[in-house]
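1. How does the following fold in three dimensions:
(chains A and B)
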Amino acid sequence: MDQDEPKTPLEEQIEENLRKVYQKTLDEQVPDRFLDLLEQLRQQDANHG
Amino acid sequence: MQIMDNLVDEGQAVADPSQEIVMHLPAMRAFALSLTRNSSQADDLVQDAIMKAWENLNSFQAGTNMRAWLFTILRNTFYSDQRKRKREVQDTDGVFAAGLSEKPDHDGRLAMAEFEQAFVQLKTEQREALMLVGAMGFSYEEAAETCGVALGTVKSRVNRARLKLGEMLDLNEGEPLDLTDQQTKAVLGAQMPVSGERQ
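-> Numbering: from 1, shown residues only, chains lettered A, B, ... in the order given. You can find the predicted model right below:
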């Protein structure tokens, strides 16, 4: 598989930075608006059947 | 090709899909941010994607990869919005680049701000491919499926994105130097302990 090829230092640096950027958002708390929305959708479905 | 489809036992199909979507929300927000480069647009996109996903829940096969399914919906929503908004001015304030206004109090932070600034300049298709494969651990196959393109297309997008970033950040393939350290020295002119940055 492709992923088995050894990574170059450039690739490793890029991925490390990218993962940090990504992690920053992952560490944020999910805003309530999304949880509220899902709850609303769930209730809607429950009421309709 | 099998893509981790069998990891979830069908017997334990989640009765309440909203619970499963919640688990994927942080990753969806990160992916949306990498596409829109703007946090409020990113969250609007996530909201639209959740609603579309909900409407189409019956097309999701229990036991298959829900993250990839959600990402597909999210990116399709993004590209269709883009086409609609073609003429509107895109606000790319770049939350990714927001770190730039912060003081370079730490070598890692400075390097990351530089990196983010370069990353947001990549083409959308390249950011997308690199994010999926480079940060989120998607296989090339999985990324190709999510983006609805051929395997070779994803590979070449990832490669081009890497090359472009290397170019912008002045990194050379054969040069294993520590980006962090070099930039820190250049800007702070101070001696910094060379850390392995393992976190």
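2. got the contact list for the host helix or strand of A:L38?
-> For A:L38, the element it lies in under DSSP states H and E is helix A:32-48. The contact list for helix A:32-48 (Cβ atoms under 8 Å, 6 or more residues apart in numbering or on different chains) reads B:16, B:18, B:21-22, B:25, B:43, B:46-47, B:50-51, B:54. Every residue, glycine included, has its C-beta placed from N, CA and C.
3. For it, buried residues please.
-> A:34, A:37-38, A:41-42 (16 or more other Cβ atoms under 10 Å in any protein chain shown).
4. Grab the CA positions of it and hand them over as CSV.
-> Provided in CSV are the C-alpha atoms of helix A:32-48 (Å, rounded to 0.1, in the frame of the first residue of the first chain):
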residue,chain,number,x,y,z
ASP,A,32,-24.7,24.1,21.7
ARG,A,33,-26.4,25.1,18.5
PHE,A,34,-25.5,21.7,17.0
LEU,A,35,-26.6,19.7,20.0
ASP,A,36,-29.8,21.7,20.1
LEU,A,37,-30.4,21.1,16.4
LEU,A,38,-29.9,17.4,16.7
GLU,A,39,-32.2,17.2,19.7
GLN,A,40,-34.8,19.1,17.7
LEU,A,41,-34.5,16.8,14.8
ARG,A,42,-34.8,13.8,17.0
GLN,A,43,-37.9,15.1,18.7
GLN,A,44,-39.5,15.9,15.4
ASP,A,45,-39.0,12.3,14.2
ALA,A,46,-40.3,11.0,17.5
ASN,A,47,-43.5,13.0,17.1
HIS,A,48,-44.0,11.9,13.6
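5. Whichever of the contacts of helix A:32-48 end up buried, select them in PyMOL.
-> Per 16+ other Cβ under 10 Å, the buried members of the contacts of helix A:32-48 correspond to this PyMOL selection:
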select buried, chain B and resi 18+21+22+25+43+46+47+50+54
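6. Please identify which pair of the contacts of helix A:32-48 lies farthest apart.
-> The span of the contacts of helix A:32-48, defined through Cβ to Cβ, is set by B:D16 and B:D43 at 22.9 Å.
7. Show me the shaky parts of chain B.
-> Low-confidence segments of chain B, defined by pLDDT under 70: B:1-15, B:86-110, B:172-199.
8. give me that answer again for 80
-> Within chain B, the stretches with pLDDT under 80 are B:1-17, B:85-111, B:171-199.
9. Equivalent analysis for chain A, please.
-> A:1-7, A:48-49.
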